[in-house]
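Participant: Everything below, folded, please.
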Amino acid sequence: MWEFDAELIHWRGPAPFVFAPLTPELSDEVKDAARGLMYWGQVPVTATIGATTFETAMWPKDGRFLLPIKVAVQRAERLDVGDPVSVRLSLRG
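Facilitator: Residues are numbered from 1 along each chain as shown. Okay, here's the model as predicted:
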C-alpha cells in the first residue's frame, strides 16, 4: 500500500476527467510492484480519498501514472481540479 498527496488536475475530454498524478518516483515503484497485473500499460488499483474507497485503473502519461478520480468520488468528497488530496493506494489483482 502507498500513500501520497497530489493536486488534482484536468486532462482533456468533454467529461470531467480529473486525475491525481503520482510522482515519477512513486510511479516507478508501483510499476515494479505491478508486474504481471498491468494490461495495456494500465494498473488496476483500489484507492481511498477521505471516506471514499473506489476501484479504478491508472494509466501512464509522461513518465508517471495518473489516478482517475470518478465523478462519484468527486461529488462524495467535494473535489475539483486544483484541490489537494491525500490518497491511499493498493494494487488489485
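Participant: Tell me how far the longest helix seen in the chain lies from the chain's centre.
Facilitator: Assignment by DSSP state H gives helix 24-33 as the longest helix of the chain. Its chain's C-alpha centre and that of helix 24-33 lie 13 Å apart, by Cα atoms, centre = their mean, to the nearest Å.
Participant: Packing partners of it?
Facilitator: Judged by 3 or more Cβ pairs under 8 Å, 6 or more residues apart in numbering; DSSP states H and E, helix 24-33 is in contact with strand 2-7, strand 64-68, strand 84-91. Bear in mind the C-beta positions are built from the backbone N, C-alpha and C, glycine included.
Participant: As PDB, could you dump the C-alpha coordinates of the shortest one?
Facilitator: The C-alpha atoms that make up strand 64-68 are tabulated as PDB, following Å, rounded to 0.1, in the frame of the first residue of the first chain:
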ATOM      1  CA  ARG A  64       4.100   8.900 -14.400                       C
ATOM      2  CA  PHE A  65       0.800   7.300 -13.600                       C
ATOM      3  CA  LEU A  66      -2.500   9.200 -13.400                       C
ATOM      4  CA  LEU A  67      -5.100   8.100 -11.000                       C
ATOM      5  CA  PRO A  68      -8.600   8.800 -12.400                       C
END
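Participant: Which is the succeeding secondary structure element to that strand?
Facilitator: Using DSSP states H and E, the helix or strand that follows strand 64-68 in sequence is helix 71-77.
Participant: Take that next one, keep the C-alpha atoms, and write them as CSV.
Facilitator: What follows is helix 71-77 as a C-alpha-only set of coordinates in CSV (Å, rounded to 0.1, in the frame of the first residue of the first chain):
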residue,chain,number,x,y,z
VAL,A,71,-17.3,11.6,-10.7
ALA,A,72,-19.0,9.8,-7.7
VAL,A,73,-15.8,10.3,-5.7
GLN,A,74,-15.5,13.9,-6.7
ARG,A,75,-19.1,14.5,-5.5
ALA,A,76,-18.8,12.5,-2.3
GLU,A,77,-15.6,14.2,-1.3
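Participant: Low-confidence stretches in the chain?
Facilitator: Applying pLDDT under 70 to the chain flags residues 13-16.
Participant: At the geometric centre of it, which residue do we find?
Facilitator: What sits nearest the mean C-alpha location of the chain, by Cα atoms, centre = their mean, is residue 67, with 1.7 Å.
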